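> Predicted model follows, preceded by the sequence.
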Amino acid sequence: MKEHSTKERATFGSKLGVIFASVGSAVGLGNIWRFPYETGQHGGAAFILIYIGCVLALGIPLVIVEFYLGRRSKANPVGAFLFLAPKTKWYLVGLMGVLSGIMIMGFYSVVSGWTCDYIYQSLTGSLSGKSPEMFQQDFTAFCTNPYKPILWTIIFMAVTHFIIVSGVKKGIERSSKIMMPLLFFIIIVMCVRSLTLPGGEKGLEFLFRPDFSKINSNVILGAMGQAFFSLSLGMGCLITYSSYFGANVNLPKTAITVGILDTLVATLAGIMIFPAVFSFGISPTQGPELVFITLPNVFQSMPLGYIWSLLFFILLGIAALTSAISLHEVTTAFVIEQYKLTRSSATLFVTITLVILGMICSLSLGVWSKFTIGGMNIFDLFDFISAKILLPLGGFWMSIFVGWVIPAKDLKSELTNKGTLKFYGFNIYRFILRYFAPIAIGLIFFNELGMLSFL
Ligand code: PHE
């Protein structure tokens, strides 16, 4: 693999653009679709506490690692390692990241496609007047259908394609600046609505009163995987975005802002969903279908339900789109820089690849559902391998790389913008990278894979 030249590289135009784009990547289906059902399945508040612990102790330090790698090298994830450690095998970590991004996008584009269909159904009113069983049946019939979800996936990918082709400033930055404020506005309105429903307190209790007897190794791995997924961590997405950051961006501060806003949105999503779910007497433990079966059912029982349903699915669609563009951009930047393609041909190539993978994932829920590996269909397998294996593994190697291979002086200089900013506790930070993060990730990991049965 060749190192690429760093001249004439695109950058985000403003610090606000940096925040919106990075938060746009972090806040996605992970916060509004995955976080609530993972919380529901893993017992509520105790899971959330461990999740927050993972964000603070591992997530934010590793976001800073990726920011360092990206801005220091001004390159895609593979180029970053080639630049910082030429003639070594470290670039494989970047390559693994690109691969994880492609895998995530396989199922991400499908769920985003479902979201588009639910926006359409909310608009046409076909989500109301159904019994709970009908919601279940219709959703199952829809996602196992061989054509319809694929059509929506293609439409969603076409929008993503259009933004990516428009470039870093005009596409990614501009769309994030419009979509993210809208997202925050909608989610706050929806939370107020949910909190004013009678009987919603049980939902808040489920969210905020921990029952520690529910914690086991599965819950901990789930929380760590969720933290990585939600922060877009461990696969070079933040390396790619930070390669577009200007020299004056405060990297640690931006990482903390992204971590806080991402966790805030996940919590708000919980507040938006659980009181409503409990208020209508429905169990929160349903898996991935939570927002596609349970919620429409809840909405239709509310006054003006179709408006809430429309707002919710628009919210989910925006969240999905700003994250999908970041996933798409990782592979696109890699192809542009390592294979010297123009942005438009690279984008086309990546879009086509991702659409094909999306089709495979979508079909794996229907006509190909008999084909399983380790009991999982391809859709679930992609989710499992990427979130629970490749992302933590990527984070593991990146913390080792920056902690042990990169000289402390170089790291400090980049993180303090050549000494113009203060970084209190730099040594503690470096300790986290060298020892704490790799050991913590390793233990959680091996424990889950059953290799440390004594834990
Ligand atoms: N963070 C995104 C979400 O929460 C998903 C994502 C993962 C995006 C990895 C980019 C990279 O939905």
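Now that the structure is in, tell me what you want to look at.
> Next, name the residue at the spatial heart of this protein.
Nearest to the mean C-alpha position of the chain, by C-alpha atoms, centre = their mean, lies residue 230 at 4.0 Å.
> phi, psi of the residue nearest to that one when sequence neighbours are not counted?
Counting by C-beta to C-beta, 6 or more residues apart in numbering, residue 230 lies nearest to residue 30, which is 4.2 Å off, once chain neighbours are set aside. From N, CA and C alone the C-beta is placed, and that goes for glycine too. Recorded main-chain torsions at residue 30 are phi -60, psi -40, according to degrees, to the nearest 10.
> any idea how far the ligand is from residue 30?
For residue 30, the distance to the ligand equals 2 Å [C-beta to the nearest ligand atom, to the nearest Å].
> What count of nearby residues applies to that residue?
27 (other C-beta atoms under 10 Å).
> wouldn't it be in contact with residue 323 here?
Yes. If you go by C-beta atoms under 8 Å, residue 30 and residue 323 touch, sitting 7.3 Å apart.
> Helix, strand, or coil at the residue nearest to residue 242 when sequence neighbours are not counted?
Among residues not flanking residue 242 along the chain, residue 70 sits closest, at 3.2 Å (C-beta to C-beta, 6+ apart). Secondary structure, DSSP: H, G, I helix; E, B strand; the rest coil: residue 70 is helix.
> rewinding a little: residues in contact with the residue nearest to residue 230?
Contacts here follow C-beta atoms under 8 Å, 6 or more residues apart in numbering; on that basis residue 30 touches 226, 229-230, 266, 323.
> And whichever residue of the stretch 301-450 of the chain sits closest to the ligand, how far from residue 109?
In the stretch 301-450 of the chain, the residue that lies nearest the ligand is residue 323 (4.1 Å; C-beta to the nearest ligand atom). Separation of residue 323 from residue 109 (C-beta to C-beta, to the nearest Å): 11 Å.
> So which residues on the stretch 351-455 of the chain come close to the ligand?
Residues of the stretch 351-455 of the chain found near the ligand (C-beta under 6 Å from any ligand atom): none.
> returning to what we had before: isn't the residue nearest to the centre of the chain right up against residue 262?
Yes. Using C-beta under 8 Å, residue 230 makes contact with residue 262 at a distance of 5.8 Å.
> Show me which residues of the host helix or strand of residue 314 are buried.
Of the helices and strands defined by DSSP states H and E, residue 314 is found in helix 305-339. Neighbour-count burial for helix 305-339, with 16 or more other C-beta atoms under 10 Å as criterion, is recorded at 305-306, 308-338.
> So what angle separates the directions of the next helix or strand after it and helix 305-339?
Next helix or strand after helix 305-339 toward the C-terminus (DSSP H and E): helix 343-363. Helix 343-363 runs at 130 degrees relative to helix 305-339, counting by axes from the mean of the first three to the mean of the last three C-alpha atoms, to 10 degrees.
> what about whatever helix or strand comes next after helix 343-363, average pLDDT?
Following helix 343-363 in sequence order, the next helix or strand is helix 378-383 (DSSP H and E). On average, the pLDDT along helix 378-383 is 92.
> residues in contact with helix 378-383?
With C-beta under 8 Å, 6+ apart, helix 378-383 has contacts from 103-104, 106-107, 110, 360-362, 364-365, 368, 371-374.
> Can you select the buried ones among those residues for me in PyMOL?
Selection of buried members from the contacts of helix 378-383 for PyMOL, criterion 16+ other C-beta under 10 Å:
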select buried, resi 103+104+106+107+110+360+361+362+364+365+368
